[in-house]
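J.: here are the coordinates; sequence isn't available:
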């Protein structure tokens, strides 16, 4: 997918426009998709390293820009690019953080880049412990760079979340929690991952507050 296609494709998820692939109402609800996921305990973290999911970040779509810059391009506005990078490296921009609703000014730099981070909606460590350790290396690279599983967010909230699942961490902005959990569900379904019993219980309890919530799909 070209950068222009990424830019004009809009995914209305987490209560804001995030520009993923075109979204249509799924025939299944998020709860229905959740019911297709296996329920197991977390596997040991043994063997997990970030490198198991490839370099951070890769250019998996071969558009000349790494995934981090692609997501910044997708999720930020008022973007300024670094000269000589063919509109690839984002120097600055404005993010409306989907997790808090705050407006954040992003400035690339050693002391400032971490203000906006790219969150894996299903964290890599969580994925590893819920089935990704069984995936091929190439499939794990695809997971780590899948726009469906990536959001530019407030850095402090991303750090706060860590590898938490729905039972241990939810966005502080309550009106996007159903969409956030629905996104986790479809990502786990896409890659054949499972949920833990507490994780599923938290998801069901949350989705009970928004009955009929549709599962997003490409």
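T.: Received, thanks. Bear in mind the structure is a predicted one, so any value in this text is a computation, not a measurement. Numbering: from 1, shown residues only.

J.: rest of the way, CA atoms for contacts and neighbours
T.: Fine.

J.: Residue 58 reaches residue 66, doesn't it?
T.: Yes - contact criterion Cα atoms under 8 Å: residue 58 and residue 66 qualify, at 5.2 Å.

J.: Low-confidence bits of this structure, can you list those?
T.: Scanning the chain for pLDDT under 70 picks out 1-27, 218.

J.: gap between stretch 60-71 and the chain center?
T.: How far stretch 60-71 lies from its chain's middle: 15 Å, per Cα atoms, centre = their mean, to the nearest Å.

J.: what distance separates the start and the end of that stretch?
T.: Stretch 60-71 has an end-to-end distance of 13 Å (Cα to Cα, to the nearest Å).

J.: Would you mark the buried spots in it?
T.: For stretch 60-71, the neighbour count (16 or more other Cα atoms under 10 Å) marks 61, 64-71 as buried.

J.: And the furthest pair within the residues you listed?
T.: Comparing every pair within the buried residues of stretch 60-71 by Cα to Cα identifies 64 and 71 as the most remote, at 13.4 Å.

J.: ok, residues contacting the longest strand anywhere in the chain?
T.: In the chain, assigned by DSSP state E, the strand with the most residues is strand 90-96. The set of residues external to strand 90-96 that reach it, using Cα atoms under 8 Å, 6 or more residues apart in numbering, is 69, 72-73, 75-82, 102-108, 116, 152-153.

J.: let's see 6 Å
T.: 76-82, 102-108 (Cα atoms under 6 Å, 6 or more residues apart in numbering).

J.: which among the residues you listed end up buried?
T.: Taking 16+ other Cα under 10 Å as the criterion, what is buried in the contacts of strand 90-96 is 76, 79-81, 104-108.

J.: Can I get the residues you listed in CSV including distance to residue 129 and secondary structure?
T.: Below are the buried ones among the contacts of strand 90-96 laid out as CSV (distance: Cα to Cα, whole Å; DSSP: H, G, I helix; E, B strand; the rest coil):
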residue, distance to residue 129, secondary structure
76, 31, coil
79, 36, strand
80, 38, strand
81, 37, strand
104, 32, strand
105, 34, strand
106, 32, strand
107, 34, strand
108, 33, coil
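
J.: which of those residues lies closest to residue 171?
T.: residue 104 (16.1 Å).

J.: How about that closest one: which residues does it bridge to?
T.: On the basis of DSSP bridges, residue 104 is bridged to residue 95.

J.: show me where the protein has helices.
T.: 3-8, 30-34, 67-75, 124-129, 137-144, 155-161, 177-190, 197-207 (DSSP state H).
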